[in-house]
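Novice: Okay, structure incoming, though there's no sequence with it:
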C-alpha cells in the first residue's frame, strides 16, 4: 500500500469494548452463587467491571476504551488481542477464576460484515478442559 493510499484510509486508534453479561457460570461462592466481575485487558492496559453479587448469570453492561498500541492494518503481522477474564470475588483468600476469552481485534477489523454483539464461550486456563459458560461482548 502506497503512502498516498494509506493517507486516504481510516485506521482505528482506539477500541471500545462493552461487557454485557454472562450466563450459566460455574458456582464458586457460598450458597452456590458467585460475586462475579470481568477484567478486560489489551496489552498492559486493564479495566475491571463492578461486582455482580450472588448470581450465576451476571449482568454488567459496562464499557471500556483502550488505545491501540500500534496501527491496526489489514494483514498486519502484529496481533492485537482483547482479553476477558471472569473472576469470582472472594472475601477470604484469592479471587477464583471462572473463565476467559481472547478475541483477535485483527480478525474483527478484517471482517467487515461482523455483528456488533456476539456471544463468546468462556475457556479454561491454558492446558485445562473447556468451560460451558458464555459471555456476551
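Specialist: Done, it's in. In this text, all values refer to a predicted model and were calculated from it rather than measured experimentally. Residues are numbered from 1 along each chain as shown.

Novice: Compute the distance between residue 84 and residue 110, please.
Specialist: Per CB to CB, to the nearest Å, residue 84 is found 20 Å from residue 110. C-beta coordinates here come from the backbone N, C-alpha and C atoms, glycine included.

Novice: and the most centrally placed residue in the chain, what are its bridge partners?
Specialist: The chain has residue 84 as the residue nearest its centroid, 3.0 Å off, counting by CA atoms, centre = their mean. Residues in a beta bridge with residue 84, per DSSP bridges, are residue 40, residue 101.

Novice: Counting neighbours, what do you get for residue 32?
Specialist: Look at residue 32: counted by other CB atoms under 10 Å, it has 9 neighbours.

Novice: Which secondary structure element of the protein has the lowest mean pLDDT?
Specialist: strand 134-136 (a mean of 50; mean pLDDT, DSSP states H and E).

Novice: Now for the residue nearest to the centre of the chain: which residues touch it?
Specialist: 17, 19, 38-40, 100-103, 120, 122, 135, 137 (CB atoms under 8 Å, 6 or more residues apart in numbering).

Novice: Now list the buried members of those.
Specialist: Buried residues within those, counting neighbours by 16 or more other CB atoms under 10 Å: 17, 19, 38-40, 100-101, 103, 120, 122, 135, 137.
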